[in-house]
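Q: What follows is a predicted protein model with its sequence.
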Amino acid sequence: NAGVTQTPKFRVLKTGQSMTLLCAQDMNHEYMYWYRQDPGMGLRLIHYSVGEGTTAKGEVPDGYNVSRLKKQNFLLGLESAAPSQTSVYFCASSYKEIAGGHTLSYEQYFGPGTRLTVT
Amino acid sequence: RKEVEQDPGPFNVPEGATVAFNCTYSNSASQSFFWYRQDCRKEPKLLMSVYSSGNEDGRFTAQLNRASQYISLLIRDSKLSDSATYLCVVNEDGGNQFYFGTGTSLTVIP
């Protein structure tokens, strides 16, 4: 059981280049998320997915696209990288249950992160 | 106003000390609360979940005050290995998004 994995771990891009970050989870979780983390900003949600074939925008979606063709995979694409996209990217997955009339979201499991530098 | 706010610190405490962090949230419909720890250049890892009034796990105690909309984390008998950034995370009832605080930095000094 590998949990959440991310590839690649590091990448350096030139402005205007494109790339895809891959996130994979083997816990059969419905929900998957992409975050970026910058100094002093905390984790900010880029896009998320509530199930296979679905995606939704988060807090900072501009410049990114995502796809969830398979339940276990969530891809994050940068079509034309910009220096402002230099960051650490984390993928996460989670699940929910209904208990006592409330929907409880259980904890997110994070991947190890991808360090991206755009020059 | 931010969804989740934390005191960024830094907190520098001697080994063996007790330290407490507070986190406030803005949405009264929030139902799921979490404390994560994040080590430098690593991913966040779950420390505690809180779904009712509180939770305790060894030296760590989390308490939830719904009336005042804050969650606290208490660390007793601090160890050097407790040095990390602690993230407060909140999820609304049925909501799909998790809201993160910016984290509180803790350094435990020998």
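A: Thanks, I have it.
Q: And for residue B:69, nearest residue in space, chain neighbours not counted?
A: residue B:25 (5.3 Å; CB to CB, 6 or more residues apart in numbering or on different chains). In short, each C-beta sits where N, CA and C put it, glycine included.
Q: Dig out what the one you found forms beta bridges with.
A: Residue B:25 forms beta bridges with residue B:4, as assigned by DSSP bridges.
Q: got it, and residue A:76?
A: residue A:21, residue A:66.
Q: how far away is it from residue A:13?
A: Plainly put, residue A:76 is 13 Å away from residue A:13 if you go by CB to CB, to the nearest Å.
Q: what does residue A:118 give?
A: In terms of CB to CB, residue A:118 sits 5 Å off from residue A:13.
Q: what sits in contact with each of the two?
A: Here residue A:118 and residue A:13 share the contacting residues residue A:81, scored by CB atoms under 8 Å, 6 or more residues apart in numbering or on different chains.
Q: re earlier: pLDDT score assigned to the residue nearest to residue B:69?
A: You'll see residue B:25 listed with a pLDDT of 95.
Q: what's the answer for residue B:63, then?
A: Reported pLDDT for residue B:63: 95.
Q: so what's it closest to, chain neighbours aside?
A: Closest to residue B:63 by CB to CB, 6+ apart is residue B:54, at 4.2 Å.
Q: what sits against residue B:47?
A: Per CB under 8 Å, 6+ apart, neighbours of residue B:47: B:34, B:35, B:36, B:37, B:60, B:73, B:86.
Q: Quick check, the second one in contact with residue B:48.
A: To tie it back to what came earlier, the one meant is residue B:35. Yes - the criterion here is CB atoms under 8 Å, and residue B:35 meets it with residue B:48 at 4.8 Å.
Q: ok, residue A:76 and residue A:13, which is more surrounded?
A: residue A:76 (22 against 19; other CB atoms under 10 Å in any protein chain shown).
Q: now the strands: where do they sit in chain A?
A: Ranges of strands within chain A are A:4-7, A:10-13, A:19-25, A:31-38, A:42-49, A:56-57, A:64-67, A:73-78, A:87-94, A:96-99, A:102-105, A:109-110, A:114-118, based on DSSP state E.
Q: Next up, phi/psi of the nearest residue to residue B:6 once chain neighbours are set aside, please.
A: The spatially closest residue to residue B:6, leaving aside those adjacent along the chain, is residue B:101, at 3.6 Å (CB to CB, 6+ apart). Main-chain torsions, residue B:101, degrees, to the nearest 10: phi -80, psi 170.
Q: ok, now residue B:81?
A: phi -70, psi -10.
Q: show me what contacts it?
A: Contacts of residue B:81 by CB under 8 Å, 6+ apart are residue B:108.
Q: Quick check: it vs residue B:48, distance?
A: Residue B:81 is 16 Å from residue B:48, by CB to CB.
Q: Then residue B:69?
A: 18 Å.
Q: more crowded one of these two?
A: residue B:48 (19 against 15).
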